[in-house]
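K.L.:
quick one: sequence and predicted model below, then my questions.
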Amino acid sequence: MSITIDRISKTFGRFQALRDVALEIPEGKLTALLGPSGSGKTTLLRIIAGLESSDSGRILFGGEDVSSLHVRNRNIGFVFQHYALFRHLTVAENIAFGLESLPRRQRPSKPEIRQRVAKLLEMIQLPQLADRYPAQLSGGQKQRVALARALATQPRILLLDEPFGALDAKVRKDLRRWLRALHDEFHFTSIFVTHDQEEALELSDQVVVMSQGQVEQVNTPTELYAKPESRFVFDFLGHVNVLSGVVRGQKLVQGDAWVSLPGNRSEQEAQLYLRPHEVHLARAPDAHARLPLRIDAVSLIGSEVRIELVPEGWQSNEIWEVGMSHNEFARQNPSRGELWYGVPDIGHLFSGDNGQPKTVDWHCRDVAKACNI
Ligand SMILES: Nc1ncnc2c1ncn2[C@@H]1O[C@H](COP(=O)(O)OP(=O)(O)OP(=O)(O)O)[C@@H](O)[C@H]1O
C-alpha cells in the first residue's frame, strides 16, 4: 500500500513543526525519515498514523484519502522505542493481544489465533520464549516481540519510531539486519524514524532527509550519499572535510592552502566539500592541490585506517579525516605529528547562495583539466 503525503503542515501554538510536506512513500519499500532532533520526523509519523491531526493537507493510502479516518481504522502496525509490552502477559499473549481485541466479526477463532502467534514467533526467531514474561527478556528480544505484536493483525503499513534507539550498538546492528531480511521476505510498506545516518543508509530503500519541518532531499541511500544537494545534507550524512576560501585565478585559496579549479570562475567565496574517501595523503604537494595537514590521530580499528589531521597554515572549523587501507598504511607508515599533504580526487564545490554543489573530478588531469560532472 503506497502512502501519499500531500502538503501537510502542522503548528504547535506558534511553532511550525511541519511546513507543506509533500512525499511519496512507495509500496512494499522501507523508507527512513532521517533528520536532527526537532526536525518533525515523529510529528509526521504520528500524522500518517492518525495519532495527530494536521492543520492542512491530506494523507492518502493507496490513493484513498484517509485524513479523517480514526487511527483504529487505518490498519497500521506500530513499533516505538518505548512501546512497552504488557508486563502481566506472556510473549505469546502479548502477540495475540491485537487479534483478541478485534471486534467479534473480524476476530479469528481461538485455534487460528494460536496458529498465527506460532507463525509470528517463528518469524521473530523466538518460539522457545512463548511463555516468558517481558521482564525475562533482553531489550532486543522485547523489540522483536513488539514487532510481532505490531504485525499480528496483518497491517497494510508498519510505522517504526526509533525502534532500536534504546539498545546497545551490537544488538542494534543485529536487529537492523534482521529487520531488513524480514522486510525483504514480507514486503510491508514501512516508515522508519531515525536520527542515525548509518542506520538509515544501511536499512532503507529510500531516505527522506528532514530539517526544520521540511523535506531537504529524498533518494536511495547510495545516491543520497554520493549526490547531496545541499550543505545541510552533506554535513548531516557522515564526516566531511571542508576548505573554505576565495576563488582566485582558477584556484580556491585560503592561507597556505589552495586547490586548482580549472574553468572560468569569477572571484567569489566558495567551499570545497570532500568526503574522507575522496582525498588521499602524500608526502609532498600535488600539481593540483596544496593542502598541508598535520596528523593528529590514527585509528586502526575497523576495515580502514582513519587518520585525523589539522590544517597547517590555514583553517577549518572541523578536523580533517582521511581513510586509508591497512595495506597502504603499512606501506606509507604515516605517524602522529608528521606533516602531510591532502590530495583531493573528487570534490563538491558550493559557491554563492546557490544551494546545489558542483562536483569536480581531478582524475581528468590527463587532459590537464578537472572535469565538472
Ligand atoms: N505536542 C507538542 N506540543 C508542542 N510542541 C511539540 C509537540 N510535539 C512536537 N513538538 C515540537 O515540534 C518539533 C518537532 O518535533 P518532533 O518530535 O516531530 O521532532 P523529531 O524530528 O521527531 O525529533 P526527535 O528526533 O528528537 O524525536 C519539536 O520542536 C517539538 O518540540
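P.N.:
Structure's in. What do you need?

K.L.:
any chance you could list what contacts stretch 130-143?
P.N.:
Here stretch 130-143 makes contact (C-beta atoms under 8 Å, 6 or more residues apart in numbering) with 79, 84-92, 94, 117-118, 121, 126, 129, 145, 163-164, 166-168, 171, 174-175. Any C-beta I mention is one placed from the backbone N, CA and C, and that applies to glycine too.

K.L.:
just the C-alphas of stretch 231-247, formatted as CSV.
P.N.:
Taking Å, rounded to 0.1, in the frame of the first residue of the first chain, the C-alpha atoms of stretch 231-247 are listed here in CSV:
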residue,chain,number,x,y,z
ARG,A,231,25.2,21.8,2.5
PHE,A,232,22.8,20.5,5.2
VAL,A,233,22.5,17.0,3.7
PHE,A,234,26.3,16.9,3.1
ASP,A,235,27.0,17.9,6.7
PHE,A,236,24.4,15.6,8.1
LEU,A,237,25.4,12.4,6.3
GLY,A,238,28.8,11.4,7.6
HIS,A,239,32.0,13.3,8.1
VAL,A,240,33.0,15.9,5.6
ASN,A,241,36.3,17.8,5.1
VAL,A,242,35.8,21.5,4.1
LEU,A,243,38.2,24.0,2.6
SER,A,244,36.6,27.5,2.7
GLY,A,245,38.3,30.1,0.7
VAL,A,246,38.1,32.5,-2.2
VAL,A,247,38.2,31.5,-5.9
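
K.L.:
ok, and does it reach over to the ligand?
P.N.:
No. Stretch 231-247 stays clear of the ligand (C-beta under 6 Å from any ligand atom), getting no nearer than 12.4 Å.

K.L.:
buried ones in that stretch?
P.N.:
231-234, 236-237, 240-245, 247 (16 or more other C-beta atoms under 10 Å).

K.L.:
quick one: mean pLDDT for that stretch?
P.N.:
Averaged across stretch 231-247, pLDDT comes to 92.

K.L.:
starting at the chain centroid, how far to that stretch?
P.N.:
On the basis of C-alpha atoms, centre = their mean, to the nearest Å, stretch 231-247 sits 17 Å off its chain's mean C-alpha point.

K.L.:
and what of stretch 119-131?
P.N.:
Centre-to-centre, stretch 119-131 and its host chain are 30 Å apart (C-alpha atoms, centre = their mean).

K.L.:
start and end of that stretch, how far apart?
P.N.:
The first residue of stretch 119-131 is 15 Å away from its last residue (C-alpha to C-alpha, to the nearest Å).

K.L.:
which residues touch the residue lying closest to Leu237 once chain neighbours are set aside?
P.N.:
Of all residues not flanking Leu237 in the chain, Gln197 sits nearest, at 5.2 Å (C-beta to C-beta, 6 or more residues apart in numbering). Taking C-beta under 8 Å, 6+ apart, we find Gln197 in contact with Leu34, Phe236, Leu237, Gly238.

K.L.:
any idea how far the third one is from the ligand?
P.N.:
Noted for Leu237: a distance of 16 Å to the ligand, by C-beta to the nearest ligand atom, to the nearest Å.

K.L.:
wait, that residue sits on Leu201?
P.N.:
Yes. Between Leu237 and Leu201 there is a contact under C-beta atoms under 8 Å: 7.4 Å.

K.L.:
shared neighbours, these two?
P.N.:
Residues touching both Leu237 and Leu201 (C-beta under 8 Å, 6+ apart): Leu224, Tyr225.

K.L.:
rewinding a little: can I get the contacts of Gln197 in CSV including secondary structure and distance to Ser316?
P.N.:
CSV is the format used below for these (DSSP: H, G, I helix; E, B strand; the rest coil; distance: C-beta to C-beta, whole Å):
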residue, secondary structure, distance to Ser316
Leu34, strand, 25
Phe236, helix, 18
Leu237, coil, 19
Gly238, coil, 16
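
K.L.:
closest one of those residues to the ligand?
P.N.:
Proximity of the contacts of Gln197 to the ligand was ranked by C-beta to the nearest ligand atom; the top entry is Leu34 with 9.4 Å.

K.L.:
thought His195 was touching that closest one, still the case?
P.N.:
Yes. Between Leu34 and His195 a contact is recorded at 6.9 Å, counting by C-beta under 8 Å.

K.L.:
what's the overlap in contacts for the two?
P.N.:
The contact sets of Leu34 and His195 overlap at Lys41 (C-beta under 8 Å, 6+ apart).

K.L.:
neighbour count for these two, which is higher?
P.N.:
Taking neighbours as other C-beta atoms under 10 Å, Leu34 and His195 compare with Leu34 leading, 29 against 18.

K.L.:
can you name the residues bridging to the more buried one?
P.N.:
Per DSSP bridges, the residues bridged to Leu34 are Thr194, Val209.

K.L.:
could you list every residue that touches it?
P.N.:
Lys41, Thr194, His195, Asp196, Gln197, Ala200, Val207, Val208, Val209, Met210, Phe236.
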